[in-house]
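S.K.: My questions are about this predicted structure, shown below with the sequence.
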Amino acid sequence: MVRFRKLNGGIWGNESKEQDEDDFDFPIDEDEQDKMIENLERRNYKDRETTMQLLCMIYLLCAGIFLIMATKAKSRDIASMLLGGVQSIVCSWITLRYNLVNNYCIFKKWNICVNGRNINFLNYAVLILLLWISWNEYEGQRLLQLLFQIPLLLQITAIVMKRWSLELDQEFDSLRNLKYKYKNA
């Protein structure tokens, strides 16, 4: 079928000299549909992994900078705010990178479940405390207030990336459901 379309395109004069594997004329049969969906998924997976690696490097770099700033800070209040920011950035990094569902048994009596939801809850508590303290204690110092909001910005970025990733997965599932039957001649 592909040869026929290439031949037909050559007859009508609209065939390009260098035709990609991803160039499909329509209608295409089921095997070509599967191949096209697999190519899209593969390309999406590579792009997603590259983006995740880059974002994780940025998160860890920000956490390291906050940690260095906390050790060099003159005030204990600012150092504790920066350490809270490090905790928030690490929580955002964990929820961005991993989907956790782990149970930990402590002293054979307590069972603690650690999952992404619990980590997000802890992160939101830290972010609310950072926001509240930065707006009340550092009222006239806009640069410090802005610095303490970087973990919030990174958490919002993690939420948006997770949502986009889930939406893309849902789109691929709906694309698989849209396949039509077309027989080769």
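M.R.: In hand now; what should we look at?

S.K.: which regions of this structure sit below the pLDDT cut-off?
M.R.: 1-29, 99-108, 179-185 (pLDDT under 70).

S.K.: Spatially central residue for it, please.
M.R.: Met161 (3.4 Å; C-alpha atoms, centre = their mean).

S.K.: Now name the helix or strand holding that residue.
M.R.: Per DSSP states H and E: Met161 is located in helix 150-177.

S.K.: Report the buried residues of that helix.
M.R.: Neighbour counts over helix 150-177 (16 or more other C-beta atoms under 10 Å) mark 150-152, 154-155, 158, 161, 168 as buried. Using the backbone N, CA and C atoms, a C-beta is placed for each residue, glycine as well.

S.K.: now the helices for the chain?
M.R.: Secondary structure of the chain by DSSP state H: the helices cover 2-12, 30-72, 76-97, 116-137, 142-147, 150-177.

S.K.: from the ones you listed, which stretch is densest packed?
M.R.: helix 76-97 (a mean of 19; mean count of other C-beta atoms under 10 Å).

S.K.: In terms of secondary structure, what does that one contact?
M.R.: Under the contact criterion of 3 or more C-beta pairs under 8 Å, 6 or more residues apart in numbering; DSSP states H and E, helix 76-97 touches helix 30-72, helix 116-137, helix 150-177.

S.K.: which stretch among the ones you listed comes nearest Ser88?
M.R.: Checking the helices and strands packed on helix 76-97 against Ser88 by C-beta to C-beta gives helix 150-177 as the closest, at 3.7 Å.

S.K.: tell me the angle of the closest one relative to helix 76-97?
M.R.: 10 degrees (axes from the mean of the first three to the mean of the last three C-alpha atoms, to 10 degrees).

S.K.: Which other helices and strands does helix 150-177 contact?
M.R.: helix 30-72, helix 76-97, helix 116-137.
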